[in-house]
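Sharing a model prediction with you, sequence too.
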Amino acid sequence: MARDDGDRMRWANAEKFFSRSWTHGFYFWKLRQIMLARTVSQLLAAGKPAQRRRVVDLGCGPGTNLFEIQDACGDIAGVAWFGLDLNAREAASGASRSRYRADARGMQPVHFMAGDIFKLPFADNSLDIIVSSEVVEHLPDPRPALREMARVLRPGGYVMVTTPNPRNLPELVGYALDRISGGRFKRFYWKGEDAVSAPKLSAAVGFGHVSVHPYRVWQGWLAEAGIPVVRKVRGPMLFGSPFFDRQRWLCGLLIALDPMLDRMPGKFLTTTNLGMLCRKEGA
């Protein structure tokens, strides 16, 4: 008997190592609650309460990040929420969940749509806040997408971009140890991860990380697009690995120390991803 595709997807996700990982759970908590939700709520709270504002998540998938951001801003009125993704099926899943949230919790609806980040279905100068989390690294050339973000953003509006940080010191040390050990360190570090979590990269899997660049590259591109970086936001140090999940005392210690690292000099050397808050030039 054939199973529903939606059920198969949920069952497959439940089988993944990352769905059970302490470190991966902490990574997503900090990404969504601290980097994204706290930043957006601060921007909205600082604006004019009577002003109608539009927030859009580009590359939203089924809306997981966007719903957490909206929950953190639940007491802020006058906000219209939008989610856009190239995958129409993912956008439809987000729309279905939005209807449930509106009916069961009385939340404001989120307007989901399928669309292309290189040709956004928004008018010039029409959006107040754009979120683009872990998206731009999948674009062979992100610069046209950055220019498109600048086009639809109103003067003085904000873009919050997160993307992998290749100058992550712990990761660089890991690569060095792997070279010294002839590849044995990587096998030891990832021992316990399953094929469901990390399928072989192929056309069937989807876009890989094809545009991973250091901060200085992104800083230059964003400035060229007219949305220069005004503040860096530190992300989590841990991304998720079987090694740290096996060493739970070490995992717990690093998670407990993470808020202290947020205040340390050179703190962006210890983050697995870059958070860049950008502002469109103009009044």
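Received, thanks.

Going by residue numbers, what spans are strands in this structure?
For the chain, strands defined by DSSP state E occupy the ranges 53-58, 79-85, 110-114, 127-133, 153-164, 229-234, 273-279.

Dump those to a markdown table, plus mean pLDDT, mean neighbour count and distance to P214.
Just so you know, the C-beta spots here come from the backbone N, C-alpha and C atoms, and that holds for glycine as well. A markdown table is the format used below for these (pLDDT from 0 to 100; neighbours: other Cβ atoms under 10 Å; distance: least, Cβ to Cβ, whole Å):
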| stretch | mean pLDDT | mean neighbour count | distance to P214 |
| --- | --- | --- | --- |
| strand 53-58 | 97 | 24 | 22 |
| strand 79-85 | 96 | 22 | 27 |
| strand 110-114 | 96 | 19 | 32 |
| strand 127-133 | 97 | 24 | 18 |
| strand 153-164 | 96 | 21 | 10 |
| strand 229-234 | 96 | 16 | 12 |
| strand 273-279 | 96 | 23 | 9 |
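
For the residue nearest the centre of the chain, list each beta-bridge partner.
With distances taken as Cα atoms, centre = their mean, the residue of the chain nearest its centroid is S133 (2.8 Å). Beta-bridge partners recorded for S133 (DSSP bridges): T162.

ok now do it, which residues does it touch?
Going by Cβ atoms under 8 Å, 6 or more residues apart in numbering, S133 touches 31, 35-36, 57, 59, 65, 160-162.

among those, which two are most distant?
M35 and G59 (15.1 Å; Cβ to Cβ).

For L261, see how far away the residue nearest to the centre of the chain is.
21 Å (Cβ to Cβ, to the nearest Å).

about what we covered before: so if I had to pick from M35 and G59, which one is more boxed in?
Each of M35 and G59 has its neighbours counted (other Cβ atoms under 10 Å); M35 has more, 24 against 21.

Now do the closest residue to that one other than its chain neighbours against V40, distance only.
In space, M35 comes closest to G275 once its chain neighbours are excluded; the distance is 4.7 Å by Cβ to Cβ, 6 or more residues apart in numbering. Distance of G275 to V40, computed by Cβ to Cβ: 12 Å.

Now the common contact residues for the two.
In contact with both G275 and V40: M160, using Cβ under 8 Å, 6+ apart.

returning to that earlier point: with distance to F26 added, can I get the strands of the chain in a markdown table?
Shown next, in a markdown table, are the strands of the chain (distance: least, Cβ to Cβ, whole Å):
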| stretch | distance to F26 |
| --- | --- |
| strand 53-58 | 22 |
| strand 79-85 | 25 |
| strand 110-114 | 26 |
| strand 127-133 | 16 |
| strand 153-164 | 15 |
| strand 229-234 | 14 |
| strand 273-279 | 13 |
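
Tell me which of these approaches S93 most closely.
Here strand 110-114 is closest among those (Cβ to Cβ), at 8.5 Å.

That closest one - contacts with which helices or strands?
helix 64-72, strand 79-85, helix 88-105 (3 or more Cβ pairs under 8 Å, 6 or more residues apart in numbering; DSSP states H and E).

got the ones you listed as TSV, with distance to P236 columns?
Shown next, in TSV, are these (distance: least, Cβ to Cβ, whole Å):
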stretch	distance to P236
helix 64-72	15
strand 79-85	23
helix 88-105	24
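
Tell me where this structure is predicted with low confidence.
1-19, 49-50, 193-207, 283 (pLDDT under 70).

Good, we can wrap up now.
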